[in-house]
Structures are given as structure tokens and as C-alpha cells.
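[1] the sequence and its predicted three-dimensional model are supplied below.
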Amino acid sequence: MADAARDVLITGIGMVSCLGEGSAAHWQGLMDARPVIDANRFAPYVVHPLAPIDFDKQIPKKGDQRQMEAWQRIGTYAAGLALEHAAVKGNAELLARTDLIVAAGGGERDCSVDSTILTGFRSAKNRGAFLNERLMSDLRPTLFLAQLSNLLAGNISIVHGVTGSSRTFMGEEAAGVDAVRIAAARIQARQSDIALVGGAYNAERVDLVLLYETGGFALKTPFAPVFERGERGGGMALGSLGAFLVLEARDHADRRGARALGRLSHIFCERTRRRPGDVTAVLDQMWHRLGSSLVPERLGVVSGATGAEPATSEESAFLRRHAGLPVEATGTVIGHGLEGQFPMNLAVAILALHHGRLCAPMQRSEGNAGPNDKLAQIVVTAVGHWRGEGMALVEADH
């Protein structure tokens, strides 16, 4: 008979965003529920900028920092916080067995070079020759490498010594869901004992604002909470953030005396055609799969709603079917960080379980208001702005 699947525990979290770094800063910022936004630098578009971070604390070598793009520094820093929180950092023997799964985009562009090339391209007599010459002479030798999404994993390995197996997932929001799902599945199947998983995003890039504006997804001023943007067409307020989790098999955590912050009980990932009603229907299906696992009087929801339409309205319709539950949409306060959003929301769920309540839910349930009736389960949703849906159940581990 095959061995039974093992429990997957979360034993460390690392978080950086516009709210600062670490658990305390994020809990306080989410409790205050005052979004930190920049509506001027990319006007009329809104972004949530990264809080000031002393990268030296987790990336001590200046040479390492210089060769990283901003999104890599953000992710490497958050990964260090997670390893530190799980008491893994600096343990060479354990790090050598720690698997690494990263959700990442395609790197960053040199916008000044792009602008120069596009300007000259219009008047060039031989556009092909001009383009080849400029690409050969203007691009930094490291720029091509900076485009590789797996450089974040490489930098985490170099800086923190994580040298187990390594995987990188691309595909916007769905990449974050699948990164966590695969890490958990490997642990359950006894193919891994411990894994570092997460993602990072640098929203403060004019090329990204342009990219999402051309698709009709970028939020313009005035700012509004994610579920209140539909009346004027919706939109994402991109957020610079990084979030990593240490996932660990229960028996492995017990052997090294690690404390469980929570248990990742279920995780699903889907991809609908996005016809009208598809998002609501697939969320209903995933919720039904959770079935008897849910205890309504001790349950809350952390929503990864983007603000983009029509997906956000369809997620809102799903949430209204569970109107007795407290629901928190983190995108209102920290923005939307694409690949890193789902790991970040799992980390927020861990904070909510620790405190027994959500920070500032948009809906409140009388059954969850009392001090003796604390939240013990959090459902985390992920509905991509264009494709990809996911759901996870995180539970207190007593």
C-alpha cells in the first residue's frame, strides 16, 4: 500500500511591499487599511511603491545587489526573511536539501535604450541594419541575462545557499498558484521534505504600466478599493512586492523542532475560457471541493482580486454567495503583484490565523466577532486579471 500523503506545514514567511518588511509591518499596515499609493510618477496611473528597504540586511554583498534587477533584489530579500523566520537561514546542511520553486516574470527592460532605438528607427534608411547595430552596441552585456526569469532562483541560491532542486514558473497570477501547488504536492508525495516557494514583482516600471494599459487593465486615478472599481471600468493598481514561504512536511518539521505557523490543507489551480460566468462557476466548483473541510463559524476569506474587469465582478458575485463570512481583499492596500500575489496572500492568511481574525475585512460576520470564536481557517482566492484561477485552504495547526 502506498504511503499516506503527509501534512504540509508553513514554517516561515517573508514579506516586503509598500507596507514595509516583515510580519509586524504588514499586520499593522493591513489593520490601518490605508493604501500606500503613488499617483504622480506614472500619472494618470496608480502604483503601490516598495517601502524603503535596506537590502544589505539580506543581501550583504554590494556586488550581488548590483548585478540584480529590482525585482530580483525584492525576491531575494523576501526569501531571506522567510528562511530566517523558519530558522533555516545559515544551516548549510538543511539548505542543501531545501527545494526552491519561484514564480517570476520575464525580467526588466532598459527603457532608455528602448526609447532611443524606437526614436531612431522611425528615420533610419535601413531599419534592419539600424536595429542590429543598436542592439549590439547599446544593450548592456548583462541585460539579456536579466530577462531570464530563473535568475531570481539563481540569486537566491547564491546569496542564501539554497541548493536543492530548483524550478521557475512563468504565467502571471497562475504561476504563483502553481509554484505553491507543486511544492506542496512534492512534499505530500515524499519527493521533498522542505521547500522555499514564492515570487516577486517590481511595479515601478513604465514599460509594465504601458503593457497593462494597452490591454485595458491599468487603474487610473482616482484610486478606489478593488471591489469598487467596476463602475468605471475597473483596473489593477500594480504593487511592488515579494513574498516567500517555507513549506515543510510535518515529520521533518517535528524532527528539527520547527514551529508550524499553519497547515496548507488544499490547493487548486484552474484555467477557464473566461466566458461570462466562468470565474464565478469555477470558484464555486473549487469551494465545493473543499466541502466538509470548512467550518463556517471559524472561516474567513483572503481575496486576491485584482480590480480588473470582468473577473473582479465575477469573483464578487461568488463572494456574495458567502456573505456571512469576513472577507479581506489585500489588493486594495498593497496593490497587485501578479506572480507574487498568491504567495503574499498565503502569508497574510498566516498572519490572520496567528491573530485569530482578518485585518480589516470588507465584510464582517457576527459569528466571528467574539474573542472566544477565533478564525481557524482561511480560504485564499486567486483570480488572474486575464487567465488563471486558484484557491487554497490554510488552517491553524494546533
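    All right, it came through fine.

[2] and the host helix or strand of E133, what other elements does it pack with?
    Using DSSP states H and E, E133 sits in helix 127-138. Using 3 or more C-beta pairs under 8 Å, 6 or more residues apart in numbering; DSSP states H and E, the elements in contact with helix 127-138 are helix 111-123. C-beta coordinates here come from the backbone N, C-alpha and C atoms, glycine included.

[3] distance from the helix it packs on to the middle of the chain?
    33 Å (C-alpha atoms, centre = their mean, to the nearest Å).

[4] and the helix holding E133 with helix 111-123, angle?
    Per axes from the mean of the first three to the mean of the last three C-alpha atoms, to 10 degrees, the angle that helix 127-138 makes with helix 111-123 is 160 degrees.

[5] buried set for helix 127-138?
    Within helix 127-138, the residues that count as buried by 16 or more other C-beta atoms under 10 Å are R134.

[6] average pLDDT across stretch 225-235?
    Average pLDDT, stretch 225-235: 93.

[7] neighbouring contacts of that stretch?
    Stretch 225-235 has contacts (C-beta atoms under 8 Å, 6 or more residues apart in numbering) with 216-220, 224, 303, 305-310, 312-313, 316, 329, 331-332, 362.

[8] ok, of those residues, which come out buried?
    217-220, 224, 303, 305-309, 312-313, 316, 329, 331-332, 362.

[9] among those, which are located in helices?
    T312, S313, S316, G331, T332 (DSSP state H).

[10] ok, T306 touching T332?
    No: using C-beta atoms under 8 Å, T306 is not in contact with T332; the gap is 10.8 Å.

[11] let me see the ranges of the strands in the stretch 1-150 of the chain.
    Remark: strands assigned in the stretch 1-150 of the chain by DSSP state E, counting those that start in this stretch are 8-17, 20-21, 47-48, 99-103.

[12] the ones you listed: which one's closest to Q188?
    strand 8-17 (6.2 Å; C-beta to C-beta).

[13] the closest one packs against which elements?
    Packed next to strand 8-17, using 3+ C-beta pairs under 8 Å, 6+ apart, are helix 22-32, helix 70-85, helix 172-188, strand 241-249, helix 250-256, strand 262-270, helix 341-355.

[14] okay, now the sheet partners of that strand, with direction.
    With DSSP bridges as the criterion, the sheet partners recorded for strand 8-17 are strand 20-21 (antiparallel), strand 241-249 (antiparallel), strand 262-270 (antiparallel).

[15] count the neighbours of D284 for me.
    13 (other C-beta atoms under 10 Å).

[16] how about low-confidence regions in the stretch 251-398 of the chain?
    Residues of the stretch 251-398 of the chain meeting the criterion pLDDT under 70: 362-373.

[17] likewise the stretch 101-250 of the chain?
    139-147.

[18] same thing but 50
    146 (pLDDT under 50).

[19] and R321, how far from G291?
    15 Å (C-beta to C-beta, to the nearest Å).

[20] between the two, which one's more packed in?
    Neighbours per residue, other C-beta under 10 Å: of R321 and G291, the larger number sits with R321, 11 against 8.

[21] L283 is in contact with the more buried one, correct?
    No: R321 is beyond contact range of L283, at 9.1 Å (criterion: C-beta under 8 Å).

[22] name the residue most distant from the centre of this structure?
    Here the centre of the chain is the reference, and by C-alpha atoms, centre = their mean the most remote residue is K125, at 45.5 Å.

[23] quick revisit: any chance of CSV for the strands of the stretch 1-150 of the chain, columns distance to H266 and mean neighbour count?
    Converted to CSV, the strands of the stretch 1-150 of the chain look like this (distance: least, C-beta to C-beta, whole Å; neighbours: other C-beta atoms under 10 Å):
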stretch, distance to H266, mean neighbour count
strand 8-17, 10, 28
strand 20-21, 29, 20
strand 47-48, 29, 26
strand 99-103, 18, 28
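
[24] find the nearest non-adjacent residue to D278, please.
    Distances taken as C-beta to C-beta, 6 or more residues apart in numbering place T272 nearest to D278, at 3.9 Å, with adjacent residues excluded.

[25] and that neighbour, helix, strand or coil?
    Using DSSP: H, G, I helix; E, B strand; the rest coil, the structure places T272 in coil.

[26] OK, contacts around it?
    T272 sits next to D278, V279, A281, V282, E389 when contact means C-beta under 8 Å, 6+ apart.

[27] just checking, the fourth one is part of a helix?
    Yes: assessed by three-state DSSP, V282 belongs to a helix.

[28] what is the neighbour count of the residue lying closest to L219 once chain neighbours are set aside?
    Spatially, and ignoring its direct neighbours in sequence, L219 is nearest to G235 (3.2 Å; C-beta to C-beta, 6+ apart). Number of residues near G235 (other C-beta under 10 Å) recorded here: 27.

[29] what's the spacing between G235 and I101?
    From G235 to I101 the distance is 30 Å (C-beta to C-beta).

[30] before we move on, what about P276?
    Taken as C-beta to C-beta, the span from P276 to I101 is 34 Å.

[31] what about the residue nearest to L95 when sequence neighbours are not counted, how many neighbours?
    Spatial nearest neighbour of L95, chain neighbours left out: G161 (4.6 Å); criterion: C-beta to C-beta, 6+ apart. Using other C-beta under 10 Å, G161 has 17 other residues around it.
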